[in-house]
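*Asks:* generate a structure from the sequence data that follows.
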Amino acid sequence: MTCVGYGQGFSLNLTVSDSLKTAVNDAFIILTNADGFSQTYQTNTYGKMSANLPKGVYRLEVNHVNYKPFSKEINLSQNSYESILLHFDGNQLEEIVITAKESKGLITSSKIDRQAMAHLQPSSFTDLLELLPGGKAKDPDLTGTNTITIREFEKPTGDYNTGSLGVQFMMDGNLMNSAADMQVSSYSRHTVGSANTVTSRNTTTTGIDMRTISTNDIDNVEIIRGIPTASYGDLTSGLVLINRKSGETQWQSRLKIDGFSKMYYLAKGFKVSDKWDINASVDYLDAKADPRNTNENYQRFSGSVRSTAWLNVGNNHLKWQTNLDYNFSMDDETVDPDSGYAKVDAYLNKKQYVSLANNFDLKIKNGFFNRLQLNTFIKQGYEDLKQTKLTQLSGPTSISIATEPGVNDGYFPELTYISYLKTEGRPLDMSYKLTADALTFTGNISHNIEAGFDFKYSKNNGRGQMYDVLKPPFPTMATRPRAYRDVPAYQNMAFFVGDRMQYDFENHGLMLYAGARISKMLGMPDAYALGEKIYAEPRINLQWNAPVMQIAGKDLKTDVTVGYGMLYKQPTLMMLYPNLIYKNFQQLNFYHNNPDLRYVNYMTYVVDVANYDLVAAKNVKKEIRLDVSYEGHQFFVTYFNEDMKSGFRSGAFFQTFYYNRYDASGLDLENMTQHPDINDLPYEQQYQFLGFSTQQNGSRTLKKGIEFGYHSPRFKSINTRITLNGAWFKTLYENSVPYHEKPTQSIGGISFPYVGIYKNDDGYIHTGLNYNCIVDTYLPALDMNLSLSLQGTLFFDKERSKRIAEPYAYYDKDGNIFEFTEADKTDLYKQWLVRNVSVTDNMATNYTFDVVANLKATKRLYNNLKASLFVNRLFSYYAPYKFNGRIVERNFWNEPYFGMELTFNF
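*Replies:* Okay, the predicted model is just below:
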């Protein structure tokens with residue numbers, strides 16, 4: 001704090017801030033009086049100044065380059081405190097941006113800063129996606145998994161989860177890894193209050209759950225939709241770079257309440273010394289699926305302590321960041337006591353993580369490399385999924401509890417019992433990344449070179465799936481408890497190098513980034529093809545800065561950017577090492593009134609459903625972008641083409657199982673003294689031809705589209721800016737490998753003996769155009785930011801790829817493959833291989849125009865107290881559309897959704 005002292009004077013303490021409650025540092029303060037006294041001061045980081053002055057009347061003047069001048073007279077007759085409010089001038093108002101900023105550099109991305117997030121009033125990271133081209137506002141769904149989608153509409157089925165799994169999240173330069181996420185339920189069909197209690201919260205194939213990321217601590221976010229540099233890998237769809245707040249700040253608090261949740265936040269940045277800052281924060285969210293329903297809840301808590309220190313290492317400067325974080329999230333669902341069911345069934349999914357990061361950034365003065373960065377990160381997770389299920393059998397039912405293949409005796413459980421299930425995950429994630437930067441010149445061409453390596457390690461040391469096999473949640477359970485600690489670790493090593501070259505001609509310039517990344521999975525068992533694969537990922541971005549043109553005496557600037565990139569995403573541990581499947585075939589079921597004589601016998605097969613040929617998913621990105629700016633007006637348009645032909649999906653394979661069926665009809669039931677012996681009974685051999693699910697590289701996602709955006713200057717007379725963005729997406733979802741399917745028919749009481757091989761499964765084509773027009777205004781008289789968003793869909797077409805009814809080949813229960821012929825269409829068995837394909841299967845649905853109006857307002861009430869309000873669906877209209885020649889009215893639930901928040905800095 002600036003402080004000047006005079007004998008026998010009074011203290012004058014000033015605090016200078018602006019209408020956005022931001023402290024104004026480096027403001028010049030001039031104090032003069034009639035006696036010719038004049039002194040100049042400057043505010044510190046907090047916007048504060050303190051001086052000890054003689055008694056008298058002073059002229060106070062405050063000046064800052066970004067604000068209008070301020071002046072007043074003060075009578076200093078005692079110790080005084082003054083709060084000065086500066087108002088923006090036209091230049092500073094131009095910098096108030098409440099939308100995402102599109103990058104004009106080599107990489108296509110959207111940058112979202114603290115101002116935009118504060119005005120948006122998000123509950124989780126999910127809400128930020130509204131600001132991307134093609135994004136729209138959504139009501140929060142905090143009791144179900146929130147997955148990210150980039151450059152596409154919502155995916156049609158779980159077979160296309162690679163789109164979200166392939167988006168990599170990084171926070172403060174460290175990877176948020178989900179490779180060791182194995183939190184799957186032993187019984188996924190368990191329903192408590194909703195039909196998808198378990199499946200809606202499964203994240204093993206979808207990547208990061210955005211519900212778990214609070215935005216309160218975030219300073220800025222960059223969401224890369226285009227082609228990142230070679231230093232980033234293990235991704236296919238996009239990259240999210242999150243940077244949190246650092247440095248000295250006031251106490252910051254936030255309280256948000258809406259129809260679904262309550263949020264509390266408190267943070268402070270401490271200045272320990274001139275070269276050491278510490279930031280600390282806590283964050284809590286409590287959400288419900290429905291405010292009237294207290295039986296389905298989600299809670300999130302996070303605490304963070306972050307240290308930033310600047311050190312001198314010889315003549316070099318080192319920035320050392322240490323982050324210690326704790327994150328907690330919990331899904332809790334219980335039976336509604338008024339539902340009429342027993343108050344037993346419950347679902348509790350609790351996840352806790354403790355992480356430590358150390359990032360070192362060394363600026364080197366003399367040497368070929370001018371910068372070295374080392375990022376180290378370790379995170380330990382504590383995941384516990386607990387389920388309670390009341391099981392009521394309709395009659396005497398037998399089960400097998402065998403854990404080895406072969407003949408075994410079964411077990412008759414009680415007719416009513418309670419099953420307790422638990423999945424214990426203890427994921428350990430570690431990552432290390434070393435990057436070296438250098439700047440060199442070849443003639444007039446500058447080279448910004450980056451090179452380095454990264455290593456990722458993930459291991460789940462949990463006890464895995466656990467339940468009492470004598471009290472299974474379902475009689476025909478096909479799995480057994482297994483420990484996750486027995487699953488090998490995920491290890492990925494990569495090397496990368498890239499060069500950003502720049503050459504400036506007389507009136508235009510070229511920038512070229514060329515890089516490559518080499519990666520390999522380590523420690524894979526010999527049976528896996530992935531262990532032998534080495535992946536090369538070339539990345540190229542080229543930008544031409546066209547000559548500046550003069551129109552009406554103003555500069556018209558144009559940039560053209562093209563890019564090509566190859567990207568790979570490795571499969572997760574759950575994909576590589578699925579649980580074994582146990583198929584139990586009942587050979588004899590002898591039920592007697594005397595419990596001692598009851599006997600059931602099984603033939604058990606253990607099926608390994610791991611796909612040892614599973615490899616990384618590959619995406620090829622191509623794009624071209626045009627950026628134009630003129631007198632504060634900015635426009636961009638991007639065409640992209642992304643083709644991923646090897647995405648992960650569940651595919652089927654079939655296997656034949658033989659077993660004996662024993663005949664107990666000849667037993668003397670009245671004179672029996674012991675249960676039957678199968679060795680003394682006649683039998684006949686039977687078989688079952690059954691299918692199993694395994695992971696495949698069998699999904700294709702082809703994305704084509706045009707993203708566009710317009711950003712006007714802020715019109716000074718009304719302090720208003722107009723932002724228009726949107727996107728046309730056309731996405732094809734289809735299988736990229738043949739589809740195997742067996743008819744459900746049974747001929748003569750035996751399992752159908754053939755499996756058809758089809759060219760395609762259900763395919764989808766989604767085409768549409770989303771738009772978002774935002775008008776934001778700053779009202780100086782009210783000290784209020786106000787924005788109105790008109791957003792919606794211009795059109796949206798949902799088509800099905802033409803489903804081919806006939807297989808092109810088939811195979812029998814012995815694995816022999818045959819071509820499917822015309823004669824097979826009339827065969828007793830093979831005719832059923834022709835699938836039923838109705839007219840409506842391939843009929844498109846063409847939705848028409850809709851528009852939704854959303855309002856957001858932020859106002860400072862007093863000094864550092866600010867209130868914000870949002871109202872979604874203030875107005876909405878959904879035009880009717882035609883389907884099969886009929887007009888369909890769309891009567892959506894259109895009630896407004898609103899909330900408010902208070903922020904207070906002190």
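
*Asks:* now the strands for the stretch 501-650 of the chain?
*Replies:* 509-522, 534-545, 549-551, 554-569, 581-590, 599-607, 617-630, 633-662 (DSSP state E, counting those that start in this stretch).

*Asks:* do the stretch 701-850 of the chain as well
*Replies:* Going by DSSP E, counting those that start in this stretch, the stretch 701-850 of the chain shows strands at 720-735, 739-741, 754-758, 763-779, 784-801, 809-812, 817-819, 845-847, 850-862.

*Asks:* got TSV for those, with mean pLDDT and distance to R598 too?
*Replies:* Where C-beta positions appear, they are placed from N, C-alpha and C, glycine not excepted. As requested, those are arranged in TSV below (pLDDT from 0 to 100; distance: least, C-beta to C-beta, whole Å):
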stretch	mean pLDDT	distance to R598
strand 720-735	95	47
strand 739-741	95	39
strand 754-758	96	37
strand 763-779	94	51
strand 784-801	93	51
strand 809-812	96	38
strand 817-819	96	44
strand 845-847	93	55
strand 850-862	91	63
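
*Asks:* just put those strands in TSV and tack on mean neighbour count.
*Replies:* What follows is the strands of the stretch 701-850 of the chain, written out as TSV (neighbours: other C-beta atoms under 10 Å):
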stretch	mean neighbour count
strand 720-735	20
strand 739-741	18
strand 754-758	22
strand 763-779	19
strand 784-801	18
strand 809-812	17
strand 817-819	11
strand 845-847	16
strand 850-862	18
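
*Asks:* any idea which of those strands gets closest to T43?
*Replies:* strand 850-862 (19.1 Å; C-beta to C-beta).

*Asks:* the closest one - contacts with which helices or strands?
*Replies:* helix 114-120, strand 784-801, strand 865-878 (3 or more C-beta pairs under 8 Å, 6 or more residues apart in numbering; DSSP states H and E).

*Asks:* now the first one: buried residues?
*Replies:* Put plainly, it is helix 114-120. Neighbour-count burial for helix 114-120, counted by 16 or more other C-beta atoms under 10 Å, picks out Q115, A116, M117, A118, H119, L120.

*Asks:* worst mean pLDDT among the strands of the stretch 501-650 of the chain?
*Replies:* The minimum mean pLDDT among the strands of the stretch 501-650 of the chain belongs to strand 549-551 (a mean of 91).

*Asks:* V221 is in contact with R114, correct?
*Replies:* No - between R114 and V221 there is no contact under C-beta atoms under 8 Å: 9.7 Å.

*Asks:* distance check, F441 against Q543.
*Replies:* 19 Å (C-beta to C-beta, to the nearest Å).

*Asks:* settle it for me: which of those two has more neighbours?
*Replies:* More crowded of F441 and Q543, by other C-beta atoms under 10 Å: Q543, with 21 against 8.

*Asks:* list the contacts for that one?
*Replies:* For Q543, the contact set (C-beta atoms under 8 Å, 6 or more residues apart in numbering) comprises G105, L106, L510, M511, L512, D559, V560, T561, V562.

*Asks:* go on, N593?
*Replies:* By C-beta under 8 Å, 6+ apart, N593 lies in contact with nothing.

*Asks:* so it versus G381, what's the distance?
*Replies:* 52 Å.

*Asks:* mind checking pLDDT for the residue of the chain positioned farthest from its centre?
*Replies:* Going by C-alpha atoms, centre = their mean, the residue of the chain most distant from its centre is N671, 67.2 Å out. Among the per-residue scores, N671 shows a pLDDT of 84.

*Asks:* can I assume it sits in a helix?
*Replies:* No - with DSSP: H, G, I helix; E, B strand; the rest coil as the criterion, N671 is located in coil rather than a helix.

*Asks:* quick check on it: phi, psi?
*Replies:* phi -110, psi 20 (degrees, to the nearest 10).

*Asks:* which ones are touching it?
*Replies:* N671 neighbours (C-beta under 8 Å, 6+ apart): none.

*Asks:* and the pLDDT for the closest residue to I213 other than its chain neighbours?
*Replies:* The shortest distance from I213 to any non-neighbouring residue, by C-beta to C-beta, 6 or more residues apart in numbering, is to F125 (3.9 Å). We have a pLDDT of 94 for F125.

*Asks:* check the one 10 residues further on too.
*Replies:* G135 carries a pLDDT value of 94.

*Asks:* the residue lying closest to it once chain neighbours are set aside: neighbouring residues, count only.
*Replies:* What sits nearest to G135 in space, not counting adjacent residues and going by C-beta to C-beta, 6+ apart, is L129, at 4.9 Å. Neighbour count for L129, taken as other C-beta under 10 Å: 23.

*Asks:* so L129 is in contact with I148, correct?
*Replies:* Yes - the pair L129 / I148 is scored as a contact, 6.8 Å apart, by C-beta under 8 Å.

*Asks:* in a markdown table: the contacts of Q543, plus distance to Y347 and neighbour count.
*Replies:* Listed next are the contacts of Q543 as a markdown table, based on distance: C-beta to C-beta, whole Å; neighbours: other C-beta atoms under 10 Å:
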| residue | distance to Y347 | neighbour count |
| --- | --- | --- |
| G105 | 46 | 16 |
| L106 | 47 | 23 |
| L510 | 58 | 14 |
| M511 | 53 | 20 |
| L512 | 53 | 16 |
| D559 | 52 | 20 |
| V560 | 53 | 14 |
| T561 | 48 | 24 |
| V562 | 50 | 16 |
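
*Asks:* contacts only, for N894.
*Replies:* R873, S876.

*Asks:* and it, how far is that from Y847?
*Replies:* Distance from N894 to Y847, by C-beta to C-beta: 16 Å.

*Asks:* if the nearest residue to H317 once chain neighbours are set aside is in a bridge, with which residues?
*Replies:* Leaving out its chain neighbours, the residue that sits closest to H317 by C-beta to C-beta, 6+ apart is K363, at 4.6 Å. With DSSP bridges as the criterion, K363 is bridged to H317, R371.

*Asks:* show me what contacts K363?
*Replies:* N316, H317, L318, K319, N370, R371.

*Asks:* list buried residues within these.
*Replies:* N316, L318, N370, R371.

*Asks:* quick one: residues contacting the residue nearest to the first one when sequence neighbours are not counted.
*Replies:* Across the structure, with C-beta to C-beta, 6+ apart as the measure, the residue nearest N316 apart from its sequence neighbours is I364 (5.1 Å). Under the criterion of C-beta under 8 Å, 6+ apart, the contact list for I364 reads N316, N370, R371, L372.
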